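*Asks:* Fold the stuff below for me.
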Amino acid sequence: MQIKSGQSIDSLAMRQLASNAKVSKSEREELDEVLRSKEIATIEQAPDLMSFPFRAKRYQVINLSSPHEPPQYQYGELTNPHDIEAFLTHQDRLSKEQSDILRTYVPSKELLAVMDKMDDETLTAFVDVLSASFGLDSLFGHNKEKSQQLISLMSDMSEEQIKDTVDTLAHLSDKEINDKPDSPILAFGYRGPAEIQLHSFAQTADHRSHLQQSIHFSKLTHQNVDLLAENRYSEGDLMSINQHLQESSFEQSRGIIDMAINVKNNDRVSFLNMLDEVDKDSENNIFEYVGKQVDVSQYTSAYESSYGGYVLFSEKMASESQRTELYSNLIDSYDNQGVGLMEDVVGHLKDTPPQIQSNIWEALNETIENNPALFDKSDSIENWMKLRLGSFQRDFENKQVDQIYDIAEELDVPRDVGQLEWVKLSTLY
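*Replies:* Here you go, the predicted structure:
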C-alpha cells in the first residue's frame, strides 16, 4: 500500500490542528471522519505514488540493540536502498548465468557507476570478459585485485570510452585464450623430444620467477589494465591504441601494450605515429618483434653438446628500464629512418636473443648517424649485419657458456657437458 507523501503530511497537520483548536466534541468527531475518508480516498487513488525499492528490504540490517532506529541496508558496499535496487535492476538485464557471475563481484558504487553507462550489449560483453579473464575462481589470486582495479578505472570513463574499453578487452581476452602461443620452455622444465643434459639458471633467475613472468605477460587483459592505470595517454590516444589492439595478433598486442607502458614520455608521440604506420601483415612486424622482450621463453638459450644432447640456460627477463632503453633506440631509428628500414632490420634479428637487441640498435643508429652515405643502397642493412651481428652473438654466447661451465663444475656431482654450440631453441621441438 502506498500513500502520497504530501497528503499524509497534510492529514497529520490537520489532526494536530484539530487537537489544539478549541472545538466541541461533536465537531472534532466530524473532522476526524472527514480526515479518515480523505486518507482512504488517497490510498485508493494511485497517481504519482512514491516508489520504494522493496527488493532492498532483503538486505535490511536488523539492529536488535536499537530496534527503533531507522532501518539500514547493506548489499556488498552499497548502503542506499535505491542504489541496491539499481544494482539488482542491472542484474535483471543479464541472463541467469551471467547474473550469477556478476554476483561474485562485490556490489559497489564504482561498479554501479560503470553499469549505469552501459547498454545491454556492452554489459553482456563486460560480464563475459570478467568471467573469462578476471574470474574469481582462478587459482591465482591476482584476478580479484585486477578486476577491482579495472572497475575503479572504468568508473571515471565516459560511455563511449567504456564501450571502447570493453570491446578491446573482449578482443584481448579471446586472443589470450585461443591464440596464445605455447611456451616451449616451461618453468617446471623442458617437455620436448630432445635429450637435455642440463638445464641451468643464471644467478638472477629461477623456475619461480619464470613461471610468474610467463603468467603475468600472457594475460593481455591484465596488461591492458596496467596501461589504463598508467594514465599516460589522453582519451583520444587510448582509443587509437585500442583500435590497433583490436586489429592485432596476440604477439603484436603484447608488444604494443608493453611499449605503450614503458616508452619514455617524450617518445610517446613518435610511438603513436609508428603504431599508425606499422604494417600489421608484415612478416617483420615491429611490434611482434617487440613482444619477444616480454616472452619469458625467449630468455632460455639452447646449446648442442659435442657429447650429444643439449644444454639449456635461462636468464632473467629484461627489466622495465632495460626495455625502455631498447624502445628509445627503436624510436630513434623510426624518427630518423622510418618504418621501412626498421622492418628490414627486424628481418635479420628475429631469431637472435632478446638480451642483445638494445645494443644492436644503438650501434646501428650510431653508424647511420656518423656514416649516412653507407646506407644509401638497398642492401646496406644486410651488409652491416654481416659485418657486425656475429660479434654481438658471439659475445653473448661466450658469456653464457662460461656461466654454464661454472655451474656444471659446482654441482654436487660435477658434470662435463662437452663443447657447446648455440642453436635455435625452436630446433628442439
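
*Asks:* show me where pLDDT drops low in the stretch 151-300 of the chain?
*Replies:* Low-confidence segments of the stretch 151-300 of the chain, defined by pLDDT under 70, are located at 182-193.

*Asks:* for the stretch 201-350 of the chain, what spans make up the strands?
*Replies:* Remark: strands assigned in the stretch 201-350 of the chain by DSSP state E, counting those that start in this stretch are 300-305, 310-314.

*Asks:* pretty sure G418 contacts E304?
*Replies:* No: in this structure, G418 is not within contact of E304 by CB atoms under 8 Å, at 9.2 Å. C-betas here are computed from N, CA, C, even on glycine.

*Asks:* Now do the longest helix anywhere in the chain and strand 310-314, the angle between them.
*Replies:* In the chain, with assignment by DSSP state H, the single longest helix is helix 380-409. Between helix 380-409 and strand 310-314, the angle comes out at 100 degrees (axes from the mean of the first three to the mean of the last three CA atoms, to 10 degrees).

*Asks:* which parts of helix 380-409 are buried?
*Replies:* Neighbour counts over helix 380-409 (16 or more other CB atoms under 10 Å) mark 380-381, 384-385, 389, 392, 396-397, 400-401, 403-404, 407-408 as buried.

*Asks:* and the very next helix or strand once past that helix, what does it pack onto?
*Replies:* Following helix 380-409 in sequence order, the next helix or strand is strand 420-423 (DSSP states H and E). Secondary-structure packing of strand 420-423 (3 or more CB pairs under 8 Å, 6 or more residues apart in numbering; DSSP states H and E): strand 300-305, helix 380-409.

*Asks:* Sheet-wise, list the partners of the first one with their directions.
*Replies:* Using DSSP bridges, strand 300-305 pairs in its sheet with strand 310-314 (antiparallel), strand 420-423 (antiparallel).

*Asks:* Please compute how far it lies from its chain's middle.
*Replies:* 34 Å (CA atoms, centre = their mean, to the nearest Å).

*Asks:* Check stretch 265-277 too.
*Replies:* 21 Å.

*Asks:* heads up, I number from 9, so please use that
*Replies:* Okay, using 9 as the starting number, the last item reads as stretch 273-285.

*Asks:* and the gap between the residue nearest to the spatial centre of the chain and Y413?
*Replies:* In the chain, the residue lying closest to the centroid (CA atoms, centre = their mean) is H230, at 2.3 Å. H230 sits at a distance of 39 Å from Y413 (criterion: CB to CB, to the nearest Å).

*Asks:* Neighbours of S434, how many?
*Replies:* 9 (other CB atoms under 10 Å).

*Asks:* show me where the stretch 159-308 of the chain has helices.
*Replies:* Secondary structure of the stretch 159-308 of the chain, counting by DSSP state H, counting those that start in this stretch: helices at 167-186, 215-226, 228-238, 243-254, 258-270, 276-285, 294-299.

*Asks:* Now do the same contact list for the residue nearest to E390 when sequence neighbours are not counted.
*Replies:* Nearest non-adjacent residue to E390, counting by CB to CB, 6 or more residues apart in numbering: H356, 7.2 Å away. Neighbouring residues of H356 by CB atoms under 8 Å, 6 or more residues apart in numbering: 389-390, 393, 397.

*Asks:* related to what we said a few turns ago, for the longest helix of the chain, what is the average pLDDT?
*Replies:* Helix 388-417 shows a mean pLDDT of 96.

*Asks:* ok, back up a step: pick the most buried one from the strands paired with strand 308-313.
*Replies:* Stretch with highest mean neighbour count among those: strand 318-322 (a mean of 23; mean count of other CB atoms under 10 Å).

*Asks:* sorry, back to before: let me have the strands paired with strand 308-313 in TSV, adding mean pLDDT and distance to F95 as columns.
*Replies:* Shown next, in TSV, are the strands paired with strand 308-313 (pLDDT from 0 to 100; distance: least, CB to CB, whole Å):
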stretch	mean pLDDT	distance to F95
strand 318-322	93	48
strand 428-431	95	58
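
*Asks:* May I see those arranged in JSON lines, with distance to A133 as well?
*Replies:* Formatted as JSON lines, the strands paired with strand 308-313 follow (distance: least, CB to CB, whole Å):
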{"stretch": "strand 318-322", "distance to A133": "39"}
{"stretch": "strand 428-431", "distance to A133": "45"}
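
*Asks:* Which one, of the strands of the stretch 209-358 of the chain, ends up nearest to D287?
*Replies:* strand 308-313 (29.7 Å; CB to CB).

*Asks:* Grab the CA positions of the closest one and hand them over as PDB.
*Replies:* What follows is strand 308-313, C-alpha atoms only, in PDB (Å, rounded to 0.1, in the frame of the first residue of the first chain):
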ATOM      1  CA  THR A 308      66.200 -19.600 -22.500                       C
ATOM      2  CA  SER A 309      69.100 -20.500 -24.800                       C
ATOM      3  CA  ALA A 310      69.800 -23.900 -26.200                       C
ATOM      4  CA  TYR A 311      73.300 -25.300 -26.800                       C
ATOM      5  CA  GLU A 312      74.100 -28.500 -28.600                       C
ATOM      6  CA  SER A 313      76.800 -30.600 -26.800                       C
END
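
*Asks:* can you list contacts of that strand?
*Replies:* Contact with strand 308-313 is made by 193, 205, 318-323, 361, 405, 408-409, 412, 425-433, 435-436, as judged by CB under 8 Å, 6+ apart.

*Asks:* now do stretch 90-109
*Replies:* Contacts to stretch 90-109, defined as CB under 8 Å, 6+ apart, come from residues 61, 63-64, 67, 81, 83-84, 86, 110-111, 115, 117, 119-120, 123-124, 128, 131-132, 135-136, 138-139.

*Asks:* for stretch 202-216, which positions count as buried?
*Replies:* Within stretch 202-216, the residues that count as buried by 16+ other CB under 10 Å are 205-210, 213.

*Asks:* Same check on stretch 258-273?
*Replies:* Neighbour-count burial for stretch 258-273, counted by 16+ other CB under 10 Å, picks out 258-271.

*Asks:* how far is it from where the chain is centred?
*Replies:* That offset, for stretch 258-273, works out to 12 Å (CA atoms, centre = their mean).

*Asks:* any idea of the pLDDT on the residue nearest to E390?
*Replies:* Per the predicted model, pLDDT is 96 at H356.

*Asks:* Pull up the gap between it and S341, please.
*Replies:* With the distance defined as CB to CB, H356 ends up 13 Å from S341.

*Asks:* And for E291?
*Replies:* 19 Å.

*Asks:* Neighbour count: these two, which is higher?
*Replies:* S341 (21 against 10).

*Asks:* on that earlier part again, quick check on the contacts of stretch 90-109: which are buried?
*Replies:* For the contacts of stretch 90-109, a burial check counting by 16+ other CB under 10 Å picks out 61, 64, 67, 81, 83-84, 86, 110, 115, 119-120, 123, 131-132, 135-136, 138-139.
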